[in-house]
Structure formats: C-alpha cells, structure tokens
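> Below are the sequence and a predicted model for it; my questions follow.
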Amino acid sequence: MKDAAPQTVYLRDYKPFGWRIEDVSLAFKLAPEATRVTSRIRFAPNPDAPAQDFFLHGEDVTLLRASIDGAEVTPEITPQGLRCAVPAGAFTWEAEVEIAPASNTALEGLYMSGGMYCTQCEAEGFRKITYYPDRPDVMATFTVRIESDMPVLLSNGNPAGSGDGWAEWHDPWPKPAYLFALVAGDLRNHPDRFTTRSGRDVELNIWVRPGDEGKCAWGMEALKKSMTWDEDVYGREYDLDLFNIVAVDDFNMGAMENKGLNIFNSAAVLASPETATDANFERIESIIAHEYFHNWTGNRITCRDWFQLCLKEGLTVFRDQQFTSDLRSAAVKRIEDVAQLRARQFPEDQGPLSHPVRPESFQEINNFYTATVYEKGAEVIGMLKRLVGDEAYAKALDLYFDRHDGDAATIEDWLQVFEDATGRDLSQFKRWYSQAGTPRLSVDEDWQDGTYTLTFTQVTKPTPGQPDKAPQVIPIAVGLLSPNGDEVVPTRILEMTEGRQSFTFEGLSARPVPSILRGFSAPVVLDREVPAEERAFLLAHDTDPFNRWESSRSLAREALLAMIRDGAAPDMAWIDALGRVLRDDTLDPAFRALMLGLPSQSELAQVLHEKGATPDPDVIYVATEAMADALAQRFEPMLDALAAQARVDAPYAPDAEQSGRRALGGAVLALRSRLDGGAAAKAQFEAADNMTLHLTALTCLIRAGAADLALGVFHDQWQDDRLVMDKWFGLQVAAAGPAEAADVAERLTRHPAFDWKNPNRFRAVLGALAMNHAGFHRKDGAGYRLLADWLIKLDPLNPQTTARMCSAFQTWRRYDSDRQALMKAELERIAARDGLSRDTAEMIGRILS
Ligand code: B3K
Ligand code: ZN
C-alpha cells in the first residue's frame with residue numbers, strides 16, 4: 001500500500017546516497033503468485049555524502065531473510081522500505097524477498113501481461129521488486145539470473161549463459177535501478193543485425209506473442225534507421241552486443257528505454273498495413289527512435305534526481321523530432337508538433353496543473369511525466385539551439401557526452417556545457433526551466449522614413465506557487481515581406497531579453513509586412529491583432545511554411561469565434577484564400593491536408609476563456625460543424641481534382657509521400673461525406689486494402705450517421721486483433737455527436753470485449769470520451785459522471801493510468817457555473833474515496849486548488 005499521508009519531496013532537499021554500489025547480483029525464481037528475488041549487493045561508503053541511516057526502498061515486497069557480510073540481520077521495516085545498522089566500511093548485503101507478479105495490477109515493478117512476465121521500473125518501480133536504493137543517482141553494473149520454465153528469458157545487457165530453465169545476463173554499463181528490466185514468456189522473435197560504424201556487430205530482436213510475428217518489420221526498420229541517424233547526426237554508437245525490444249499488451253504508457261531491453265506497449269511497436277494506420281506507423285517510428293536515443297540521453301547520461309527528468313526527456317523528444325523531420329517533411333512535422341503542444345501543453349501550463357519544466361516539488365513523480373516536461377522541455381532545447389546556432393549546438397553536445405558519460409547529471413550541468421562551449425551567459429535562459437506558464441507576446445509596429453520598428457512586450461500570468469514572473473529570453477524569428485510579396489528581410493532571430501524591447505530594420509523602401517515567430521521559434525502565445533487582409537497576404541506569400549499554416553489557422557480561428565460569439569456567417573474571404581492554396585498542386589499534399597484542419601473545439605474554448613467569455617461547448621460544436629459544411633460546399637467543385645492528386649497507385653507504404661496523399665484524401669472524403677451522406681465513404685470502406693483508408697472511411701460513415709452496418713462488419717473482421725479492436729472502441733466515441741458520446745461510451749463499457757484493466761482499452765473508450773469536447777461536456781454532466789465512475793473503479797488497481805486521466809478535468813474553471821459545479825462535484829466525489837492512491841489524490845488536489 002502507498003503512504004496514507006503522502007510526503008512532498010523537494011528539489012532543494014537533495015542529498016547524495018551514503019553508499020556507492022560496485023556490483024549487483026539478482027536471482028529470480030519466477031512464479032506467478034510467489035516469485036523469489038535474491039539480491040547480493042556490495043556497498044561502500046560514499047565519501048561525498050553526509051552521514052545518514054542506511055535506508056533501502058521497498059514496497060509490496062515480503063522480506064524473507066537479510067544478511068550483512070554473511071551474518072543474519074533483522075532490519076526495521078516501514079511501508080516505504082527498511083532501515084538497518086551497517087558496518088562503517090564496505091559490506092555485502094544479501095536479501096531474499098517474495099513478490100506476486102500475477103496480482104500486480106498497477107503494472108509497475110514485476111507484473112504479468114498475457115501470460116508473460118515483464119517489468120516497468122521507471123520511475124520508482126524497482127522498489128516493488130526488491131529492497132534497493134531506488135534513486136537514479138545510484139548506478140551499478142547488474143548480473144541477473146532468471147529461473148523459469150518460460151522458453152524466453154531476457155534481461156539487460158549481454159547474455160552470460162543459459163541452460164534448461166535458466167538464463168544469466170550481465171550488463172557492463174553502470175545504470176540506475178529504473179533501467180532494470182526482465183522479461184520471461186513464450187515469445188517469438190523477429191531478428192535482424194546492425195553493424196555500428198566502428199564495426200560492432202549487434203544482434204537485434206523484436207519479441208512478440210505468437211501470432212504477432214508479421215507485425216514487426218516496420219519497427220525493425222525504424223530501429224535500424226534510428227541507429228544510423230544517431231551515428232550520423234550525434235556521433236553516438238550503440239554499446240552492447242544485443243538490442244532487444246519486447247511488445248506487451250498491458251502497459252501504462254508508450255514504451256520504456258531499459259538498457260538493451262526496451263519494453264513497448266504493443267500499440268507502439270506492432271504494425272502491418274492491414275491493421276495499422278499511417279499515423280500509427282509514424283508514431284511507432286518516432287517512439288522506437290525515442291527509446292533508442294535514450295541509450296545516450298538517459299542511460300549513459302542519466303538524471304541525478306527525478307526533478308531533472310527533462311534533462312533526458314526534453315532532449316530525447318527534441319532528438320526524436322529532429323529524426324522525424326529528417327526522415328519525413330520538416331515543415332509538416334513542425335506544424336504537427338506545435339498543434340500537439342498547443343492542444344496538450346498549453347492547457348496544462350495555463351491551468352491548475354501548471355509546473356515548471358523542472359518542477360521543484362512532487363508527491364508522486366509519475367504525475368510529472370507531462371507535456372510540460374516532455375514537449376515544452378523539447379521546445380526549450382530548440383530555443384537554445386536557435387540562440388547559439390547549429391554549429392555551437394553540435395559542439396556543446398559533443399562536450400556534454402564527453403564530460404558527463406556515466407554521470408547522473410543536472411540541468412545545471414547541461415547549461416554549463418553550453419556556457420563553456422559558447423562563452424554565453426545562460427543564467428537568464430535558465431528561467432525556462434524554473435518558471436512555469438506560457439509567456440504572451442504582444443507586438444507594436446512603427447514605420448518611419450525607411451525604418452521599421454517592432455516593439456514586443458512579454459507577460460506571463462501567475463501560476464500555482466509563482467505569483468511573480470521575470471522576463472524570459474525569447475528567440476523571435478522574424479522575416480519581412482514587401483507589399484508585392486517578395487521577401488525583403490530573410491529570417492532573423494531577434495533575441496528578446498527584456499519585458500519590453502524594440503528591434504529596428506533599416507533601409508526599407510516600403511512599409512513591410514512582418515512574418516513573426518517563424519517556425520514557432522518559442523513556446524509563447526503571440527497576441528497580435530492582425531487585419532484579415534494581412535493574414536490572407538501571408539497565407540498567400542509567406543516563405544515560412546509554419547507561418548503560412550499559422551495565418552490560415554488564425555483566420556479560421558477568428559472566423560469561428562465570430563460565428564460562436566456573434567452568430568456570424570462563415571468567412572468566405574478566408575475560405576477562398578484557402579481554396580487557392582489547396583489548388584496549388586506544387587504544395588505537398590500533407591501540408592494541404594493540414595491546411596484543411598480546423599482549430600479544435602477545445603482550443604476555441606481556451607481562446608474564448610482567455611478573451612473573458614464563457615465557452616459553451618454546444619455552440620462551439622455547432623459553429624465548427626457549420627464551418628466544415630461551408631468548406632464542403634465551397635470546395636465541392638474541386639474535390640474530384642484533389643482526390644485525384646491524393647490517389648496512391650503504388651503498393652502501400654507508410655512513407656511521408658504516400659501518407660501525405662492519404663491524409664489529403666481523407667480530408668477530401670470528410671468534406672464529401674457532408675455532401676453525399678456517406679456514399680463515397682461506403683465505397684472506400686468496402687474497397688480499402690489498408691487500415692488507413694478503412695478507418696478514414698469508417699470515421700466518415702459514423703459522422704454521416706451511416707455506420708451501423710460498417711461497424712458490425714469491422715467488428716466481425718477484427719474481433720481477434722486487440723489493437724484494431726482498440727480503434728473500433730475508440731472511434732465510435734471519438735466520432736459520436738455531443739448528445740450521444742457519453743451514451744455510446746457507456747454502452748461500450750458493457751461490451752464483453754471491454755477489458756477495463758487493460759490501459760489501451762480503457763483509454764480507447766474513456767480517453768476518447770474526454771477528448772470529445774462537446775460530448776464530454778454534455779450539459780447534464782453524463783460525460784463527467786461516467787469518467788469519474790470509471791476512474792474510481794480503476795484507481796485501486798492502476799493508480800498511474802487513473803491519475804493521468806484525471807487531467808481531463810484540468811480545464812474545469814473555463815466553463816459556465818453549472819458545468820463547473822458538476823465537474824467539481826465529480827472531482828470531490830473521487831477525492832472522497834477511502835484509500836485513494838497517492839497518484840490520484842495529488843492530481844485531484846492540484847486540479848481543485
Ligand atoms: N521513460 C519512459 C517513461 C516512464 C514513465 C513512468 N511513469 C518512456 C519514455 O519517455 O521514453
Ligand atoms: Zn523518453
């Protein structure tokens with residue numbers, strides 16, 4: 001059981017552990033209800049640490065015996081671990097514990113999934129396996145022996161022997177316990193090889209349940225591409241003889257970078273054209289890369305403590321984003337990443353859960369694997385690179401790897417490397433790590449005698465625990481266009497450091513049109529009233545693809561706001577300008593597909609809230625539908641031509657080129673379905689030979705209210721495929737109208753295949769409900785109630801997934817008083833549960849605060 005009165009942990013209280021560990025030997029005798037774990041650990045006093053009691057973490061483990069240097073000891077056991085008197089010098093600790101993986105529903109520590117044993121130790125799961133100093137700054141080499149009748153027995157590092165019913169592994173690289181992994185099961189492998197550029201021959205395997213062998217090829221290609229890319233771009237090579245990936249069905253997140261033995265949610269690695277969409281393929285490619293890149297940014301250089309999580313996560317997200325931009329379209333990737341940041345990180349940073357990229361306190365660290373730590377953490381690195389330039393960035397990274405290989409490092413170490421490599425003072429830049437909230441940037445313009453002046457003002461609103469904000473360093477990428485559309489000043493980075501600051505451009509022959517925050521050069525909100533003609537001008541002429549998209553997005557947003565607030569008609573000027581972009585067949589189909597997307601309903605609610613209005617989800621829904629209908633009608637004459645450009649004649653490949661075409665085709669089909677009642681979608685559904693076309697068609701049919709038959713057909717065809725069935729569950733809720741979504745979700749929770757203990761299935765239904773803006777916020781509170789009921793049910797079994805999904809309520813203060821009262825009541829109902837987990841209690845407490 002977790003602590004009843006949770007403790008808050010503070011960054012400022014960090015102190016090193018009193019001992020170092022030279023080597024760890026673990027022996028596992030696996031049994032579902034009674035696994036025995038023996039540990040033998042050589043401890044030596046840490047001269048750099050203050051005096052302290054000898055304390056080892058341990059939760060939900062039964063100590064059977066313990067000894068020091070061979071003499072039996074009787075430690076004091078607490079719910080969090082054990083305390084024991086130890087000799088003054090070095091000593092050998094031995095302990096035997098018993099754990100019950102089959103009863104471990106939290107999916108943290110050693111647990112069972114689909115008949116196999118697997119582990120998840122980050123952040124603090126190793127303490128559920130045995131007593132240990134479970135903190136990232138304690139690094140050791142591990143030797144692991146596994147005894148089990150399972151045919152495949154895996155752990156970290158290189159194989160060190162095996163026989164009938166046993167296997168041994170040795171990991172020569174010192175690592176913290178959170179990177180430990182063990183897998184045992186009846187598994188099949190998809191093998192391959194990779195030779196590193198210095199000639200190391202590496203065996204690669206993807207291990208899956210029997211029957212899934214045909215879904216590994218893409219993941220394997222992604223792994224090899226990642227290995228090559230990290231050598232080419234960061235000069236980083238792989239460092240073991242073997243790299244194993246295992247797919248498991250029950251997993252709280254996407255994947256985990258355990259040294260030499262990555263464990264993946266099967267949804268984040270298994271794919272075939274028949275069962276996975278283009279978006280799935282792209283996501284798998286980037287997650288494989290992300291976990292692989294952690295081998296250097298995370299494993300070889302790890303974090304001193306969990307407050308430094310962004311040191312590995314922000315950097316590794318940044319690296320996987322670079323990888324995807326290099327492999328696919330950089331422009332499309334940037335737009336997708338910014339859209340994600342705005343959809344996930346901005347609401348977090350502008351609400352009760354706001355926290356700095358490097359938080360200063362937590363109760364449950366699992367609650368801080370957030371969009372802020374990951375995605376804003378990556379944006380901060382992007383800004384750093386923009387400020388120092390590509391060459392200096394490369395130099396700083398080389399220095400980082402040289403200086404800190406083998407270390408458990410901090411953000412201070414990271415910034416020091418940049419200071420040393422560039423001679424810059426980064427003390428003000430460091431505020432990006434300590435100050436929460438999204439800065440808002442406003443702009444004044446002045447034009448006089450050939451001199452053009454831009455004056456920026458930055459303001460960050462107070463966030464929980466941080467009433468006063470200091471100015472940040474903001475790299476503002478700006479380009480200037482002449483009135484005829486030529487670029488007169490190419491992109492320049494303006495480095496803003498003050499609260500209000502002016503930048504001048506001299507020698508211009510006419511007043512220019514500015515393109516500001518190109519490439520989204522900083523994670524800020526740009527508050528700038530721009531006349532619609534100027535936006536339309538940028539939509540037509542901007543050379544920066546991100547800002548071209550942004551101009552259209554802003555026009556769409558403003559048009560929708562006018563429809564929502566004043567009942568205005570759709571803005572035909574914007575629609576026609578968009579039409580001109582769509583007709584330009586020199587433009588990437590993927591880019592044109594993105595241009596056709598409307599701002600999300602949740603984003604519109606956020607903007608209304610910022611402007612002091614109370615968003616009504618039903619009105620927002622109606623306006624968005626009306627806008628989509630207007631697009632469909634206006635673009636009807638060109639839908640055939642667009643569909644022709646979207647056609648793919650070659651055999652299916654999930655590459656950028658083909659998936660871009662299919663994305664455009666999907667956007668066209670969505671418009672057409674508004675005009676033909678779903679006839680074209682029905683034809684596509686029947687003819688589709690890949691999941692992307694199949695699922696796009698099914699979505700259109702649901703939206704057109706014509707999916708009854710198709711849903712049955714789809715179900716019968718795919719009922720034995722767990723991942724495809726997740727789509728079947730999720731789509732029905734995601735595409736349902738506002739009046740039905742909660743009822744559809746409720747009905748699906750009673751479906752015999754609704755395995756609510758499986759996080760993927762749980763999220764497919766309840767996560768999709770939380771994302772269906774108008775459906776979740778149904779006026780009578782049915783959406784809130786259903787989600788709260790299920791969170792209450794899941795919490796005792798799986799606190800981590802429960803706590804994460806509580807964030808669906810984080811925006812509760814945006815809405816009208818009736819909805820606020822309904823959401824508050826549900827939050828209080830959850831909070832009042834006896835024995836609520838530390839994870840969920842902390843989340844609800846923060847959301848209500
Ligand atoms: N490092 C893991 C996440 C662990 C989450 C623990 N609650 C996956 C990743 O970021 O690569
Ligand atoms: Zn990561």
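That came through, no problem. Ligands and ions are numbered 1, 2, ... in the order given.
> give me the number of residues near R535?
Neighbours of R535 under the rule other C-beta atoms under 10 Å: 22. Using the backbone N, CA and C atoms, a C-beta is placed for each residue, glycine as well.
> ok, it - contacts?
R535 makes contact with 551-552, 554-555, according to C-beta atoms under 8 Å, 6 or more residues apart in numbering.
> How about F729?
So F729 contacts 748, 751, 753-754, 761, 764-765, 768 (C-beta under 8 Å, 6+ apart).
> got the residues you listed as CSV, with distance to L82 columns?
Formatted as CSV, the contacts of F729 follow (distance: C-beta to C-beta, whole Å):
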residue, distance to L82
L748, 45
H751, 45
A753, 43
F754, 41
R761, 37
A764, 40
V765, 41
A768, 43
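> Can you name the two of those residues that sit furthest apart?
A753 and A768 (15.3 Å; C-beta to C-beta).
> which bits of the chain sit near ligand 2?
Residues of the chain found near ligand 2 (C-beta under 5 Å from the ion) are 313, 316.
> Domain boundaries for the chain, per the record?
Structural domains annotated on the chain: 9-186, 302-434, 440-548, 737-849, as defined by automatic domain parsing.
> Please report how far the residue nearest to A562 when sequence neighbours are not counted lies from L671.
Distances taken as C-beta to C-beta, 6 or more residues apart in numbering place A568 nearest to A562, at 3.9 Å, with adjacent residues excluded. Separation of A568 from L671 (C-beta to C-beta, to the nearest Å): 21 Å.
> swap in S286?
Taking C-beta to C-beta as the measure, S286 falls 29 Å from L671.
> Next, the closest residue to P545 other than its chain neighbours: secondary structure please.
Leaving aside its chain neighbours, P545 sits nearest to A331 (3.7 Å; criterion: C-beta to C-beta, 6+ apart). Secondary structure assignment for A331 (DSSP: H, G, I helix; E, B strand; the rest coil): helix.
> how many other residues sit next to A331?
A331 has 20 nearby residues by other C-beta under 10 Å.
> what does the stretch 101-250 of the chain have sitting close to ligand 1?
By C-beta under 6 Å from any ligand atom, the part of the stretch 101-250 of the chain that sits against ligand 1 consists of 122-123.
> Closest approach to ligand 2 from the stretch 101-250 of the chain, which residue is it?
Closest approach between the stretch 101-250 of the chain and ligand 2, counting by C-beta to the ion: E122, at 8.9 Å.
> Residue of the stretch 501-650 of the chain closest to ligand 2, please.
P523 (18.6 Å).
> before we move on, the earlier item: list the residues that contact the residue of the stretch 101-250 of the chain closest to ligand 2.
Contacts of E122 by C-beta under 8 Å, 6+ apart are 178-179, 256.
> quick one on the thing from earlier: who wins on neighbours among the contacts of R535?
S551 (27 neighbours).
> quick one: what helix or strand has that residue in it?
helix 545-566 (DSSP states H and E).
> Same check on A536?
Per DSSP H and E: helix 532-541 holds A536.
> so that helix versus helix 545-566, what angle?
150 degrees (axes from the mean of the first three to the mean of the last three C-alpha atoms, to 10 degrees).
> With only the CA atoms kept, save helix 532-541 in PDB.
This file holds the C-alpha atoms of helix 532-541, laid out as PDB (Å, rounded to 0.1, in the frame of the first residue of the first chain):
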ATOM      1  CA  ALA A 532      -7.600  39.800 -42.100                       C
ATOM      2  CA  GLU A 533      -6.100  41.100 -45.300                       C
ATOM      3  CA  GLU A 534      -2.600  40.900 -43.800                       C
ATOM      4  CA  ARG A 535      -3.200  37.300 -42.700                       C
ATOM      5  CA  ALA A 536      -4.500  36.500 -46.200                       C
ATOM      6  CA  PHE A 537      -1.400  38.100 -47.700                       C
ATOM      7  CA  LEU A 538       0.900  35.900 -45.500                       C
ATOM      8  CA  LEU A 539      -1.200  32.900 -46.300                       C
ATOM      9  CA  ALA A 540      -0.500  33.500 -50.000                       C
ATOM     10  CA  HIS A 541       3.100  34.700 -49.800                       C
END
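> now that helix, how far from the centre of its chain.
The chain centroid and the centroid of helix 532-541 are separated by 33 Å under C-alpha atoms, centre = their mean, to the nearest Å.
> ditto for stretch 275-295
For stretch 275-295, the distance to the chain centre is 12 Å (C-alpha atoms, centre = their mean).
> where does this protein dip in pLDDT?
Counting by pLDDT under 70, the chain shows low-confidence ranges at 1-5.
> Looking at A568 and L671, which one has more neighbours?
Remark: of A568 and L671, L671 carries more neighbours, 20 against 13, as counted by other C-beta under 10 Å.
> Next up, phi/psi of the residue nearest to the more buried one when sequence neighbours are not counted, please.
Nearest residue to L671, sequence neighbours excluded (C-beta to C-beta, 6+ apart): A632, at 4.1 Å. Backbone dihedrals for A632, given as degrees, to the nearest 10, come out at phi -60, psi -50.
> do K461 as well
phi -70, psi 160.
> now V183
When read as degrees, to the nearest 10, the backbone of V183 gives phi -140, psi 140.
> Just give the number of residues close to it.
Neighbours of V183 (other C-beta under 10 Å): 23.
> quick one: contacts of stretch 424-437?
310, 349-350, 354-358, 360, 372, 380, 383-384, 387-388, 411, 415, 418-419, 460-464, 466, 469-473, 497.
> Only the buried subset of these, as a PyMOL command please.
To isolate the buried members of those in PyMOL, using 16 or more other C-beta atoms under 10 Å:
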select buried, resi 310+349+350+354+355+356+357+358+372+380+383+384+387+388+411+415+418+460+461+463+466+469+471+472+473
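> Which of the contacts of stretch 424-437 fall in strands?
Using DSSP state E, no member of the contacts of stretch 424-437 sits in strands.
> Out of the contacts of stretch 424-437, which sit inside helices?
Secondary structure assignment (DSSP state H) places 310, 349, 380, 383-384, 387-388, 411, 415, 418-419 from the contacts of stretch 424-437 within helices.
> I'd like those as a markdown table, with distance to A247 appended.
Listed next are those as a markdown table, based on distance: C-beta to C-beta, whole Å:
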| residue | distance to A247 |
| --- | --- |
| C310 | 28 |
| D349 | 33 |
| V380 | 32 |
| M383 | 36 |
| L384 | 35 |
| L387 | 40 |
| V388 | 39 |
| I411 | 34 |
| L415 | 38 |
| F418 | 38 |
| E419 | 42 |
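> Pipe the residues you listed into CSV and attach distance to ligand 1 per row.
Shown next, in CSV, are those (distance: C-beta to the nearest ligand atom, whole Å):
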residue, distance to ligand 1
C310, 11
D349, 19
V380, 16
M383, 21
L384, 20
L387, 25
V388, 25
I411, 17
L415, 22
F418, 23
E419, 27
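> which one of the residues you listed sits closest to ligand 2?
Closest approach to ligand 2 among these (C-beta to the ion): C310, at 10.3 Å.
> how near is the closest one to K395?
22 Å.
> For A66, name its beta-bridge partners.
A95 (DSSP bridges).
> can you pull out the helices in the stretch 551-700 of the chain?
Secondary structure of the stretch 551-700 of the chain (DSSP state H, counting those that start in this stretch): helices located at 572-583, 589-595, 601-610, 617-635, 639-646, 656-676, 679-687, 691-703.
> Mind putting the ones you listed into CSV with distance to V489?
Shown next, in CSV, are the helices of the stretch 551-700 of the chain (distance: least, C-beta to C-beta, whole Å):
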stretch, distance to V489
helix 572-583, 24
helix 589-595, 24
helix 601-610, 30
helix 617-635, 34
helix 639-646, 34
helix 656-676, 31
helix 679-687, 46
helix 691-703, 41
